[in-house]
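S.K.: Dropping the sequence and predicted coords here.
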Amino acid sequence: MGVVVISLLLYKPLSTKPQNTKETQSTLATPNETVSEMNETPPPENPTKSLEELVAEYGDLQLVDAHNHDASRFQYDHERPNWEQNSVDRVVLFGDVSEPSAVQTDNIAWGAYEEYPERIIPFFSGANLLEESGLQTVKDN
């Protein structure tokens, strides 16, 4: 059985003002329409689904959180209920990037993987590729 890796971008539009496209021409003000008359037009329905609706619709798929920077404050017992509620099967866990502290968060992500290999995919970024030792770190990890 394969695993589906997706990245969800949930957003709420900043404005309900329609863009000037062919699809929205009918909702824009006509030359004879005042701004106040245009503002009385109800905004179009928001097609964005809530997180609960997405989980209900796609919860039977294996979902992977492919970008999780929480290694520095990782607590499995704290995260697990949220992952289970939202049908998250696996987590790519890493922490700091391009910082000396990335070595420490890499170790945390690896430790989490060793303890929970069925749930955690460790990611590392604590290698300085400008130094000879960086290549050995990449090989080791």
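M.R.: Yes, it's here.
S.K.: So which bits of stretch 109-123 are buried?
M.R.: Neighbour counts over stretch 109-123 (16 or more other Cβ atoms under 10 Å) mark 109, 110, 112, 113, 119, 120, 121, 122, 123 as buried. For glycine as for every other residue, the C-beta is placed from the backbone atoms N, C-alpha and C.
S.K.: which stretch of helix or strand covers the first one?
M.R.: So the one you mean is residue 109. If you go by DSSP states H and E, residue 109 is part of helix 102-115.
S.K.: How about residues contacting that helix?
M.R.: 71-72, 74, 76, 93-96, 120-126, 141 (Cβ atoms under 8 Å, 6 or more residues apart in numbering).
S.K.: Pick the one among those closest to residue 57.
M.R.: Of all the contacts of helix 102-115, residue 57 sits closest to residue 121, with 24.5 Å by Cβ to Cβ.
S.K.: hang on, that closest one in a strand?
M.R.: Yes: counting by DSSP: H, G, I helix; E, B strand; the rest coil, residue 121 falls inside a strand.
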